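J.: Sequence and predicted structure are below.
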Amino acid sequence: MISGKRVIAAMLTALMAVTFTANTAVSVYATGVTATENAQTIDAQSTDAQALTPEEQKAQELQQVYDMPVESNGYKDWPQGPGTYGEAGIVMEVGTGAILYAKNIDAHEYPASITKVLTALVALENGQLTDNVTFSHDSVAFLQRGDSSVGLKEGNVITLDQAMHAMLLASANDAAIALAEACAGDVDSFAEMMNEKAEELGAENTHFANPNGLPDETHMTTVADMALFAREAMKNETFRKIVSTYEYTIPATELQPEARLIHNSNRLLYDEVHKAVIGDETRPYKYDGILGIKTGYTDAARSCLVAAAERDGMTLIGVVYRSEPETLYPDMIQLLDFGFDNF
């Protein structure tokens, strides 16, 4: 185990000549592997899958993903990080931007609702919490059965602060569209603002087409870029407060006579019931030192999670892409533990 509670510059220099600036994290692990290539590799290794039961085939596919290379494990004297059932994962130390764990970090993936991390940052930088946010026809008409929403009708008006809580806690897709329209006039203009912000932060493998993360073949990013977005967003005190909130009430409006009680979808904040097996331990999902951030899921993206936690003055950001609902939180717990235990 490497001693010390902060990332030491000498450790990084000994492994690779990389300079970490105050605002931009430098990725030193370039894999160039795409989600399609990952899927092709898994298919090639599963030619006998038809002989397996669905449960056995699923277990085999998960194991193949778990066994994918962890690039950061290839560096001399670097602590060996765990496998994950997610296809891509990263741990970043917030103070320096140092990448402590890297698995497939430059693979282009669908980010699902963790897109809303950057949506929130752009909205907070271009609006005031007291601004009115109106739910237009376009912000609610696209919703399909099962889509996350705050359940407000066309014409409802709430504050930007309330819409932000709806989007970041309940992952409300309608609130994301309403925020985009309030800040930029329309979704396309807001997406341009998101891409400009991503470029400003040093993201090299990202293009966003909408503010909510619903599937679009041009809407892609990487865990490395998402860690940059989360790092920047956590500098905003309003964002930090919202993503650490467990529950929030959106008051009744003229068109919606009932108040809306919403809860944070991030189980690391509160879930003592569900357990993760980590090594020889069985532990609840609730994570010591968790600061929150954002969950995501679509059929195309599978389960995604961005999390931030702080212990003994060190703050880490973890990102996991393309995991499964039952493996997502154990993946993240292992990654955060790796960072805190070894640096």
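T.: Alright, I've got the coordinates.
J.: roughly how far out does the helix or strand where E55 lies sit from the chain middle?
T.: Following DSSP states H and E, the helix or strand that holds E55 is helix 54-66. In terms of C-alpha atoms, centre = their mean, to the nearest Å, the centre of helix 54-66 is found 24 Å from the chain centre.
J.: and that helix, what other elements does it pack with?
T.: Where contact means 3 or more C-beta pairs under 8 Å, 6 or more residues apart in numbering; DSSP states H and E, helix 54-66 is packed against helix 35-44. Every residue, glycine included, has its C-beta placed from N, CA and C.
J.: Pick out the residue closest to the middle of the chain.
T.: Within the chain, the residue whose C-alpha comes closest to the C-alpha centroid is V306; the distance, by C-alpha atoms, centre = their mean, is 3.0 Å.
J.: pretty sure that residue contacts G292?
T.: No: in this structure, V306 is not within contact of G292 by C-beta atoms under 8 Å, at 9.3 Å.
J.: next SSE after the helix holding E55?
T.: Going down the chain from helix 54-66, the next helix or strand is strand 88-93, by DSSP H and E.
J.: What are the contacting residues of that following strand?
T.: Contact with strand 88-93 is made by 7, 25, 81, 98-105, 107, 109, 222-224, 227, 231, 314-322, 331, 335-336, 338-339, 343, as judged by C-beta atoms under 8 Å, 6 or more residues apart in numbering.
J.: Taking helix 54-66 as reference, get the angle to that strand.
T.: For the pair strand 88-93 and helix 54-66, the angle between their directions (axes from the mean of the first three to the mean of the last three C-alpha atoms, to 10 degrees) equals 40 degrees.
J.: Give the rounded mean pLDDT of strand 88-93.
T.: For strand 88-93, mean pLDDT rounds to 98.
J.: Please apply the same query to stretch 264-274.
T.: Here stretch 264-274 scores 97 as its mean pLDDT.
J.: Of all the residues in that stretch, which ones are buried?
T.: Going by neighbour count (16 or more other C-beta atoms under 10 Å), the buried part of stretch 264-274 is 264-270.
J.: Now render those as a markdown table, adding distance to S139 and secondary structure.
T.: Formatted as a markdown table, the entries for those read as follows, by distance: C-beta to C-beta, whole Å; DSSP: H, G, I helix; E, B strand; the rest coil:
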| residue | distance to S139 | secondary structure |
| --- | --- | --- |
| N264 | 22 | coil |
| S265 | 20 | coil |
| N266 | 24 | coil |
| R267 | 28 | helix |
| L268 | 29 | helix |
| L269 | 27 | helix |
| Y270 | 29 | coil |
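J.: Make a markdown table from those and add distance to M194 to it.
T.: Compiled in a markdown table, the buried residues of stretch 264-274 are given as follows (distance: C-beta to C-beta, whole Å):
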| residue | distance to M194 |
| --- | --- |
| N264 | 23 |
| S265 | 21 |
| N266 | 22 |
| R267 | 27 |
| L268 | 25 |
| L269 | 26 |
| Y270 | 29 |
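J.: Tell me the one among these nearest to G296.
T.: S265 (9.1 Å; C-beta to C-beta).
J.: That closest one: what's its closest spatial neighbour, skipping adjacent residues?
T.: For S265, the nearest residue in space outside its immediate sequence neighbours is T295; the separation is 4.7 Å by C-beta to C-beta, 6 or more residues apart in numbering.
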